[in-house]
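Trainee: structure for the following, please:
(chains A, B, C and D)
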There are 2 protein chains.
Amino acid sequence: MRRDVFQAIADPTRREIIGLVSHESRNVNELADNFEMSRPAVSKHLRILKECGLIKVEKKGRERFCHAQLDKLGEIALWVHQYRRFWNTSLDKLEALLKEEDNK
Amino acid sequence: MRRDVFQAIADPTRREIIGLVSHESRNVNELADNFEMSRPAVSKHLRILKECGLIKVEKKGRERFCHAQLDKLGEIALWVHQYRRFWNTSLDKLEALLKEEDNK
DNA sequence: CCAAAACGTAACCAATTGGTTTCTTTTTAG
DNA sequence: CTAAAAAGAAACCAATTGGTTACGTTTTGG
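Mentor: Numbering: from 1, shown residues only, chains lettered A, B, ... in the order given. Sure, this is the predicted structure:
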């Protein structure tokens, strides 16, 4: 069972989960409500994200709150940046988007 | 069959192939020599990379030369950068590495 | 106190993945 | 011309993935 960050973000559902918890912590049912699939299916994705260290799960009463812990994404950034000369044109678009975001 | 860039780079062998062809174009046997696995196995990885647009294959005689076409990696950079506030510490390390690399 | 909520877990399943060996085709070197 | 090199393609296989339903456990609201 390979369990690294690259594999973790390969699945679109997991990327969406990351997006959701990056704004604010969510419990499992809240997260599952965002998807067509069953709650246990989402739970499985959460387990993978947890095992890769991309989320932290905090038990609070009968609920489990998932919050983002995305420092490991730096690993991806590092890898992808070593090839930045190949995607310079896209970088322009990237910078524009980031600046636009900063203005808010 | 999902075939996007995120899934393409999820496999360590494919990341290594990308690393190899990013320096200079390589034919299939040259690439296969770098791995324990059989040539057809490498060929399969190449097909995926090709289908995702990360490499371009140019037939030259009886050889096929693979060269890097990594602009699609910008998609990854874009995604990961939207969470950059989570990996700022790693970014320092990243910048250091990139500068060190530039000095060579 | 107890029914219901919020989960995790187990058992199961189909499809995909990542590998293999074998065979074929195209091209070139001698 | 022909043997060998380069590589795709097919058939196959085991393990993993991503989903399901069913069930068990802990916690809480009324």
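Trainee: count the neighbours of the closest residue to residue A:41 other than its chain neighbours for me.
Mentor: Closest residue to residue A:41 in three dimensions, ignoring its sequence neighbours and counting by Cβ to Cβ, 6 or more residues apart in numbering or on different chains: residue A:35, at 7.6 Å. C-betas here are computed from N, CA, C, even on glycine. With neighbours defined by other Cβ atoms under 10 Å in any protein chain shown, the count for residue A:35 comes to 15.
Trainee: so for residue A:35, what's the pLDDT?
Mentor: pLDDT recorded at residue A:35 is 97.
Trainee: need the three-state assignment for it.
Mentor: With DSSP: H, G, I helix; E, B strand; the rest coil as the basis, residue A:35 sits in coil.
Trainee: and if you look at residue A:18?
Mentor: Of the three states, residue A:18 takes helix under three-state DSSP.
Trainee: how near is it to residue A:29?
Mentor: Residue A:18 is 18 Å from residue A:29, where distance means Cβ to Cβ, to the nearest Å.
Trainee: which one of those two has more residues nearby?
Mentor: It is residue A:18, of residue A:18 and residue A:29, that has more neighbours when counted by other Cβ under 10 Å, with 23 against 11.
Trainee: spell out which residues of chain A are next to DNA strand C.
Mentor: A:27-30, A:39-40, A:43-44, A:46-47, A:57, A:62-64 (Cβ under 7 Å from any atom of the strand).
Trainee: among the residues you listed, which lie within strands?
Mentor: Secondary structure assignment by DSSP state E places A:27, A:57, A:63, A:64 of these in strands.
Trainee: report pLDDT for residue A:32.
Mentor: 97.
Trainee: if I look at it, how far off is residue A:5?
Mentor: According to Cβ to Cβ, residue A:32 and residue A:5 sit 23 Å apart.
Trainee: list phi and psi for residue A:72.
Mentor: Residue A:72 adopts backbone torsions of phi -60, psi -20, taken as degrees, to the nearest 10.
Trainee: host element of residue A:13?
Mentor: Per DSSP states H and E: residue A:13 is located in helix A:12-23.
Trainee: got the CA positions of that helix in PDB?
Mentor: This file holds the C-alpha atoms of helix A:12-23, laid out as PDB (Å, rounded to 0.1, in the frame of the first residue of the first chain):
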ATOM      1  CA  PRO A  12     -10.600  14.100  -7.400                       C
ATOM      2  CA  THR A  13     -12.900  13.400  -4.500                       C
ATOM      3  CA  ARG A  14      -9.900  13.800  -2.100                       C
ATOM      4  CA  ARG A  15      -8.900  17.000  -3.800                       C
ATOM      5  CA  GLU A  16     -12.400  18.300  -3.200                       C
ATOM      6  CA  ILE A  17     -12.300  17.300   0.400                       C
ATOM      7  CA  ILE A  18      -9.100  19.200   0.800                       C
ATOM      8  CA  GLY A  19     -10.800  22.200  -0.700                       C
ATOM      9  CA  LEU A  20     -13.700  21.900   1.700                       C
ATOM     10  CA  VAL A  21     -11.600  21.600   4.900                       C
ATOM     11  CA  SER A  22      -9.200  24.200   3.800                       C
ATOM     12  CA  HIS A  23     -11.800  26.900   4.500                       C
END
